[in-house]
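Novice: Got a sequence here, can you model it:
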Amino acid sequence: MTRTDDDSWDITESVGATALGVAMARAHETASDTPLFTDPCAQMFLDAAVAQGWRPPAGAMAQRIRAIGNYAASRTKWFDEFFVAAGAAGIRQSVILAAGLDARAWRLPWLHDSVVFEIDQPQVLQFKEDVLAAHRVAPKARHVAVPIDLRQDWPKALQDAGFDTAEPTAWSVEGLLPYLPAEAQDLLFERITALSARDSRIAVEAFSDTFFSEEHLALRRERIEQMRARAADAGDDMPDPERLWFIEDRAYVPDWLSEHRWDAAALPADDLMARYHRVLPADTTEGTMSTEFVEGVLTEAYSR
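Specialist: Have a look, this model is predicted:
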C-alpha cells in the first residue's frame, strides 16, 4: 500500500500493520528467558488481530522481525525508562504520539493523578481499547485517547481532550519520523514546542546525522533488495519498507531541538544496545542501526 497525502489505515494494513510487527517483537521479548521488560498486552493484540483475519508475517519477514528483536527491545526499554524518570521528576502529564499498540499507560508505574494522552488513527486506538477492555486490563494512569491523524490539527484535539499547556509534559516520538515527510517533521516539533511548558521533556527515536548520505542510502537500498530477493527465492513476499517511509533529507533532530530552547543530547543506537548488553546479528544492516535516541528538556517556554 503506497502512501498518499490523505491516506488512513486500520491496525492490519499499511502503517497500522507495522504496529503489529512491533507487538510481535515485544511479545517475543516478554517470553524470553531474560526480558528487558514485560508487556503481556502484546500477545493479546496479536491474538485479536489474528481473530480478525490478520496473517502474521512468515518466512523472511518473520525472520527480519526476530533479527531486529534486540533493537526493538532496547528501544522499548529506553522509552520506558524515559517515562519513569519523568515521573520521578514530578511530571504527571504525558503524550504518546502515534501510539500504535504501545501499552505503557497500562503497564508502567505511574504517579498518582498522572494522565497519559495517546494520539493515533481512530481505528488503531479503538482496536487497542477494545482488546484491553475485553481482557479487563485497566490502565495504571488516567488514559485519554485522542483519535486524530497527526497531519491534522492534533494540538486543538489534544487541548479539547483536556491537555494543560501550563503543566510540564513528557512527550514520546517513537517509530514515527520515517512515516513523516521532512516538512511534517518540522511542523511536529514546532507544535510540540508551542504546547510545552518549561521543564517539559521529550524522547525521540531519530535518524542519525549520516542516514541521508548518498553512501548510506545506497547501502540501505542494496541491503533491502538483497533481503527481498532472498525472500522471493523462498517463495515469500517481503514488503518494501520504502513504500511506507518518506526517504527525504531533513533536519537533524538534536540540532533542531537545541535551536528551539531544548537542552538535547543524542545516544547512537549501537551505544543504547550496548547499555543493555544487546547486539544485532552481523548480517542485519551491517550489524548496526542508523538511528539515535534523543532526549531533551525545555529550558524556556514558548511565548504565548
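
Novice: same question for stretch 56-71, mean pLDDT?
Specialist: Per-residue pLDDT values across stretch 56-71 average out to 80.

Novice: and if you look at stretch 167-174?
Specialist: Stretch 167-174 shows a mean pLDDT of 98.

Novice: And the contacts of it?
Specialist: Residues outside stretch 167-174 that contact it (CB atoms under 8 Å, 6 or more residues apart in numbering): 75, 79, 82-83, 86-87, 90-98, 102, 163, 188, 192, 195-206, 298. For every residue, glycine as well, the C-beta is placed using N, CA and C.

Novice: Buried only: go through those residues for me.
Specialist: In terms of neighbour count (16 or more other CB atoms under 10 Å), the buried residues within the contacts of stretch 167-174 are 75, 79, 82-83, 86-87, 91-98, 102, 163, 188, 192, 195-197, 199-206, 298.

Novice: from those residues, which ones fall inside strands?
Specialist: Of the buried ones among the contacts of stretch 167-174, the ones assigned to strands by DSSP state E are 93-97, 201-206, 298.

Novice: Tell me the one of the residues you listed nearest Pro109?
Specialist: Ser94 (13.0 Å; CB to CB).

Novice: hang on, the closest one packs against Phe82?
Specialist: No: if you go by CB atoms under 8 Å, Ser94 and Phe82 don't touch, sitting 9.6 Å apart.

Novice: Quick check: next helix or strand after the lowest-mean-pLDDT helix or strand in the chain?
Specialist: Sorting the helices and strands of the chain by mean pLDDT, DSSP states H and E puts helix 214-233 at the bottom, at a mean of 72. The helix or strand immediately downstream of helix 214-233 is helix 253-258, counting by DSSP states H and E.

Novice: So for that following helix, what gets flagged as buried?
Specialist: So, applying 16+ other CB under 10 Å, buried residues of helix 253-258: 253-254, 256-257.

Novice: How about stretch 164-177?
Specialist: Using 16+ other CB under 10 Å as the test for burial, stretch 164-177 gives 165, 168-177.

Novice: Just flag the most distant two among the residues you listed.
Specialist: Thr165 and Gly175 (25.6 Å).

Novice: contacting residues around Thr193?
Specialist: Per CB under 8 Å, 6+ apart, neighbours of Thr193: 260-262, 298, 302.

Novice: any idea how far Asp186 is from it?
Specialist: Distance of Thr193 to Asp186, given as CB to CB, to the nearest Å: 11 Å.

Novice: where in the stretch 101-250 of the chain is pLDDT low?
Specialist: Applying pLDDT under 70 to the stretch 101-250 of the chain flags the ranges 216, 224, 227-228, 230-232, 234-243.

Novice: quick one: which helix or strand includes the residue lying closest to Gly69 once chain neighbours are set aside?
Specialist: Using CB to CB, 6 or more residues apart in numbering and skipping residues adjacent in sequence, the residue nearest Gly69 is Ala25, 5.3 Å away. For Ala25, the enclosing helix or strand under DSSP H and E is helix 14-30.
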